[in-house]
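Trainee: Would you be able to build a 3D model of this:
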Amino acid sequence: MNNPTINLTNLNSKRRTNRKIILLTGASKGLGLALAKKLIQGDEYFLVLTARKASMKRFEGESIFNSEFVWLRSLDVLNYQQTENVIAEVVEKLGNVDILINNAGITDRSTVEDSTDSYRKTQMAVNYLAPFHMIEHVLSLMRKNNYGKIINISSAGGFMAMPTMSSYSASKYALEAASESLWYEMKPWNIHVTLIIPGFIDSEGFENTTESRKCEKSCINQLSTYHEHYIGMKQLISNRMHQSHSTNETIAKQIDRVLKKDNPPLRIYVTLDAWLLFWFRKLMPPKIYHFVIYRFLPRVKRWGKQVYKE
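Mentor: Model prediction:
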């Protein structure tokens, strides 16, 4: 696929505004929508808000429309041609992408045995490969301007893996590792890379989690090999989310503060549980860490007790 030709000459002369230009993916729901609504309230940014075509009507429901300082653009992050076209349009008409926020992502669940190549590839494509395709196409612009901010939305799943979510954690581990590498590479050009790392959020996000076909069947069939795995983990995550004091709105406020920092850190743990889990893993000897986590998994004493009946 050929990349759009981007003219790096006299970019600043094309700007409509002195506002920083933000390109935000996955802006029609959840954290992306909360962040969009927070940033619209100020007068510091020109916002390019993107979402899949099927989700664009949600902007209207939230009274978010195309305006002088807000663009709404249809974008499926898995469609690389769309990605390149949106970036090319922003550069052609506005001159640059000052801040890229990679928020679009998916959360799927399946045990390793129940997952498939297609399932695993989709997780990696959305949560890791797509963000770095976008990053690839803005770095030359940021380097020329000797300025830029790249914010990647990660998860506590990016440093601790949980059962039934191996592919999700793998994609977030990859996102974190590549972001850390990029942080070193971009230091000479005043380009800041930041990972936003939430733990459990009081939202409906987990209810929208997609499941593999075998996962769906196992949740219904009490005799299925992984029935207790799925039911227990769903119960754990659902309970922790609804008990959390963190919301999409509170995290959006923290991201807004990050945008205002001259030199933001590489990693920011934006919920208390994410911060505590990070230090628990860091300070505990691995053998004790894994023993404790396993012992406290819900219904774990029932795991492996089912009569195999798929």
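Trainee: show me what contacts Asn127?
Mentor: With contact taken as CB atoms under 8 Å, 6 or more residues apart in numbering, Asn127 is in contact with Gly105, Ile106, Tyr168, Ser171, Lys172, Ala174, Leu175. Bear in mind the C-beta positions are built from the backbone N, C-alpha and C, glycine included.
Trainee: In the chain, spot the helix with the most residues.
Mentor: Determined from DSSP state H, the single longest helix within the chain is helix 166-186.
Trainee: What is it packed up against?
Mentor: strand 108-109, helix 117-124, helix 130-136, helix 139-145, strand 148-153, strand 191-197 (3 or more CB pairs under 8 Å, 6 or more residues apart in numbering; DSSP states H and E).
Trainee: What strands flank the shortest one, and is each parallel or antiparallel?
Mentor: Applying DSSP bridges to the sheet, strand 108-109 is found paired with strand 210-211 (parallel).
Trainee: following the partner strand, which helix or strand comes up?
Mentor: helix 213-220 (DSSP states H and E).
Trainee: now that following helix against helix 117-124, angle please.
Mentor: Helix 213-220 and helix 117-124 are oriented at 100 degrees to each other (axes from the mean of the first three to the mean of the last three CA atoms, to 10 degrees).
Trainee: So what's the gap between helix 213-220 and the chain middle?
Mentor: 26 Å (CA atoms, centre = their mean, to the nearest Å).
Trainee: for it, packing partners?
Mentor: Using 3+ CB pairs under 8 Å, 6+ apart, the elements in contact with helix 213-220 are helix 227-243.
Trainee: buried sites along the helix it packs on?
Mentor: For helix 227-243, the neighbour count (16 or more other CB atoms under 10 Å) marks His227, Glu228, His229, Tyr230, Ile231, Gly232, Met233, Lys234, Leu236, Ile237, Met241 as buried.
Trainee: Which phi and psi values does Ser74 adopt?
Mentor: Backbone dihedrals for Ser74, given as degrees, to the nearest 10, come out at phi -70, psi 130.
Trainee: Residue ranges in the stretch 51-200 of the chain under the pLDDT threshold?
Mentor: Residues of the stretch 51-200 of the chain meeting the criterion pLDDT under 70: none.
Trainee: Next: the stretch 201-310 of the chain.
Mentor: Residues of the stretch 201-310 of the chain that meet the cut-off, pLDDT under 70, sit at 205-210, 307-310.
Trainee: what ranges do the helices span in it?
Mentor: 213-220, 227-243, 248-260, 272-283, 286-295 (DSSP state H, counting those that start in this stretch).
Trainee: for the second one, packing partners?
Mentor: If I follow you right, that is helix 227-243. Counting contacts by 3+ CB pairs under 8 Å, 6+ apart, helix 227-243 packs against strand 108-109, helix 213-220.
Trainee: Distance from the chain centre to that helix, please.
Mentor: How far helix 227-243 lies from its chain's middle: 21 Å, per CA atoms, centre = their mean.
Trainee: can you tell me how far Leu31 sits from Ile255?
Mentor: 8 Å (CB to CB, to the nearest Å).
Trainee: brain fart, Ala125
Mentor: Noted for Ala125: a distance of 24 Å to Ile255, by CB to CB.
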